[in-house]
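Q: Whatever this is, show me its structure:
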Amino acid sequence: MWSIRAVSGLLMLWLCAACAPEPDQAPAYLVGVWETTIDGYADQHIFIDQTRIGFGTSALAADGYMITNVDEDRDGSRTLFVVSYQDAEQAKYQLSFYYDPAGGGRITFKNQDHLVWTKKAATT
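A: I've put the predicted structure just below:
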């Protein structure tokens, strides 16, 4: 038989889980690995999946963060994204970039318009 303490503990656990904010999701066309050929960044990549964003130099060496919000807005003829994310210690960060669907997709950071990232082709 369940004790009142056990039932109360399970109820509290369920309530805490129900109240926790769910991560925001990135649009499907942003999901993937993004690369650039620009000097100084050619060995870098950005990965985006439904609920995480990460930065690194290889699939084995990447820092991953939980996406907490994705804002999408038109800026003239371009689409501006502001991705808010946080690390395991709850430190908050933002990345602002323009997305262009041409050629399979291109990302250009808002503060680095010379630096164009393209989506890596999926391998089978």
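
Q: got the buried residues for the longest strand along the chain?
A: Assignment by DSSP state E gives strand 62-75 as the longest strand of the chain. Counting neighbours by 16 or more other Cβ atoms under 10 Å, one finds that the buried residues in strand 62-75 are 62, 65-68, 70. In this view, the C-beta of every residue, glycine as well, is placed from N, C-alpha and C.

Q: Pick the one among those closest to residue 99.
A: Set against residue 99, the nearest of these by Cβ to Cβ is residue 70 (11.1 Å).

Q: dump the residue contacts of the closest one.
A: Residue 70 is in contact with 24-27, 81-84, counting by Cβ atoms under 8 Å, 6 or more residues apart in numbering.

Q: same question, residue 106
A: Taking Cβ under 8 Å, 6+ apart, we find residue 106 in contact with 99-100, 116-118.

Q: try it again with 6 Å
A: Applying Cβ atoms under 6 Å, 6 or more residues apart in numbering, one finds that residue 106 lies in contact with 100, 116, 118.

Q: ok, which stretches of the chain are helices?
A: 4-19 (DSSP state H).

Q: Now tell me which helix or strand of it has the poorest mean pLDDT.
A: helix 4-19 (a mean of 44; mean pLDDT, DSSP states H and E).

Q: Quick check: which of the buried residues of strand 62-75 has the minimum pLDDT.
A: Ranked by pLDDT, these bottom out at residue 62, which scores 64.

Q: where in this structure is pLDDT low?
A: Counting by pLDDT under 70, the low-confidence segments of the chain come to 1-23, 58-62, 122-124.

Q: Quick test: name the residue nearest the centre of it.
A: By Cα atoms, centre = their mean, the chain has its centre lying nearest to residue 53, at 2.9 Å.

Q: Leaving out sequence neighbours, find the closest residue to residue 38.
A: If the residues on either side of it in the chain are set aside, residue 38 comes closest to residue 115, at 5.4 Å by Cβ to Cβ, 6 or more residues apart in numbering.
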